[in-house]
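Trainee: what would the 3D arrangement of this be:
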Amino acid sequence: MTPFDSIEPIKKHLVVISRFPPVYGGGGLRIERMYRRMLADRSEQVQVLTHTGKVSSETSHNDKPFRVTRIRKRDNLLLSFVMVGVALVRMKVWRCKSAHIVGSIFLSFAAIFVAKAFGLKIIRELTSDDLIHHPNPLKNWLIKKSYRIVDLVIVPKQIIADRVIKAGALEKNVWVRLHPVNIRNFDFPTPEERGSARAELGISDEIVLHLMIGHIYELKNQALAVDALAKMPANHKLLIAGPSLKEDEPYLREIRSRIAENRLEGRVTIKPEFVKDTRSLYWAADFYLMLSSQEGLPNVVLEALSTGIPVISGSNLGLEMLVKDGESGYNVSFDPQNIADAVQNGVEQGLMKNRSGISAISQPKFDAREIDRLTAKVLGFG
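Mentor: Predicted coordinates for the structure are as follows:
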């Protein structure tokens, strides 16, 4: 029997995740979009337990199909257990049949055991491998125990699956699944659509535009992209778009300082804000730069490939199954000159002109229509 067989339909669904809109987080945005697609024609409700983040209201974002409860983030494991337990009782989670627990922070970790106590079917989704092992013996034992009691673990890459199985999960209960992308939204642009998108940004035909989308902070390595741009020809420009929080201001100042040091004021544009509609940015770009020091499976890489943009990815991220050297981009070490050389190779090999080919090869791997269908069945949707 597979995880997709003999699952009884339910009317209420529980999601536990560290960040959920309007609090910014790539995983939260992806989960919200997925549930909206899966429940578009249904009257069912999604109960969400998440952290407060910068949102003061405990029940914000309560529009169909979501009902959101927010609790304060705690680093203490015991306190997390207590707060999660109290919240889930107030949410009357016994009316749900399954819990979709996303991420690997203490909120998710505590929710696994509390949900199990209520007899819920537990689907755990990992976006990275940062809580597969812990140096504290007690916490490490709890981590391994948690993998043994969940009913299904969803992971985005085989390397994470291998580590999860080593940590205690049963191989038959691990599903390697790419994040779903709505390829009808992130599609290959027509010449008119691309021209319009570039005109809106003031980008002329001779410009090679590099794009980075996401939270502007040190983990995402936007400063390295600035250093790499300094090694590229003068017709190359960089667009950095994404929210920058108050605590990220020192890093944003560092990026601006590197721009000034390299005399790139006219070649780098920073939009330190959440961009709701990113499709036009992908349409306008020529290369996508994924230079994070750590990632699971970045949504932005999937969206970029879906629109046909070649991706320059850090070789530490393990994205070779999607970013094929010389075909859909390059996997490079974290060195500005290596990044610049990879871009030049892409230009010379015509990757910029093969957007339709990149899009056609990539889209079937993460088409939301099929992935949503299988995920809905796992979660017990009717």
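Trainee: export the helix or strand of the chain with the lowest mean pLDDT as PDB, just CAs?
Mentor: Ranked by mean pLDDT, DSSP states H and E, the helix or strand of the chain with the weakest confidence is helix 137-149, at a mean of 81. In PDB, the C-alpha atoms belonging to helix 137-149 read as follows (Å, rounded to 0.1, in the frame of the first residue of the first chain):
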ATOM      1  CA  PRO A 137      21.700  13.900  23.100                       C
ATOM      2  CA  LEU A 138      18.200  14.400  24.400                       C
ATOM      3  CA  LYS A 139      17.100  16.600  21.500                       C
ATOM      4  CA  ASN A 140      18.700  14.300  19.000                       C
ATOM      5  CA  TRP A 141      16.800  11.300  20.500                       C
ATOM      6  CA  LEU A 142      13.500  13.300  20.200                       C
ATOM      7  CA  ILE A 143      14.400  14.200  16.600                       C
ATOM      8  CA  LYS A 144      14.900  10.500  15.700                       C
ATOM      9  CA  LYS A 145      11.700   9.500  17.600                       C
ATOM     10  CA  SER A 146       9.700  12.100  15.700                       C
ATOM     11  CA  TYR A 147      10.700  10.600  12.400                       C
ATOM     12  CA  ARG A 148       9.500   7.200  13.500                       C
ATOM     13  CA  ILE A 149       6.000   8.400  14.500                       C
END
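Trainee: now that helix: buried residues?
Mentor: 142-144, 146-147 (16 or more other Cβ atoms under 10 Å). C-beta: built from backbone N, CA, C; applies to glycine.
Trainee: now the strands for the stretch 151-300 of the chain?
Mentor: With strands called from DSSP state E, counting those that start in this stretch, the stretch 151-300 of the chain shows them at 152-155, 174-176, 208-213, 236-241, 268-271, 287-290.
Trainee: for the last one, packing partners?
Mentor: Think strand 287-290. Other elements packing on strand 287-290 under the criterion 3 or more Cβ pairs under 8 Å, 6 or more residues apart in numbering; DSSP states H and E are strand 208-213, helix 299-306, strand 311-314, helix 336-348.
Trainee: quick revisit: work out the gap between the least confident helix or strand of the chain and the centre of the chain.
Mentor: 25 Å (Cα atoms, centre = their mean, to the nearest Å).
Trainee: for stretch 107-124, same thing?
Mentor: Worked out by Cα atoms, centre = their mean, stretch 107-124 lies 22 Å from the chain centre.
Trainee: and that stretch, average pLDDT?
Mentor: Taken as a whole, stretch 107-124 has an average pLDDT of 90.
Trainee: and the contacts of it?
Mentor: When contacts are defined by Cβ atoms under 8 Å, 6 or more residues apart in numbering, stretch 107-124 is touched by residues 14, 16-18, 49-51, 71, 73, 77, 80-81, 83-85, 88, 93-94, 96-102, 131, 142-143, 146-147, 149-154, 378-380.
Trainee: flag the shaky bits of the protein, pLDDT-wise.
Mentor: 1-11, 53-62, 104, 129-134, 382 (pLDDT under 70).
Trainee: mind redoing it with 50?
Mentor: Applying pLDDT under 50 to the chain flags residues 1-10, 55-60.
Trainee: distance check, the residue lying farthest from the centre of the chain against residue 229.
Mentor: Distance from the centre of the chain peaks at residue 263, with 32.5 Å (Cα atoms, centre = their mean). Look at residue 263 and residue 229: by Cβ to Cβ, to the nearest Å, they are 11 Å apart.
Trainee: which residues of the stretch 1-150 of the chain fall in helices?
Mentor: Remark: helices assigned in the stretch 1-150 of the chain by DSSP state H, counting those that start in this stretch are 26-38, 77-90, 106-117, 137-149.
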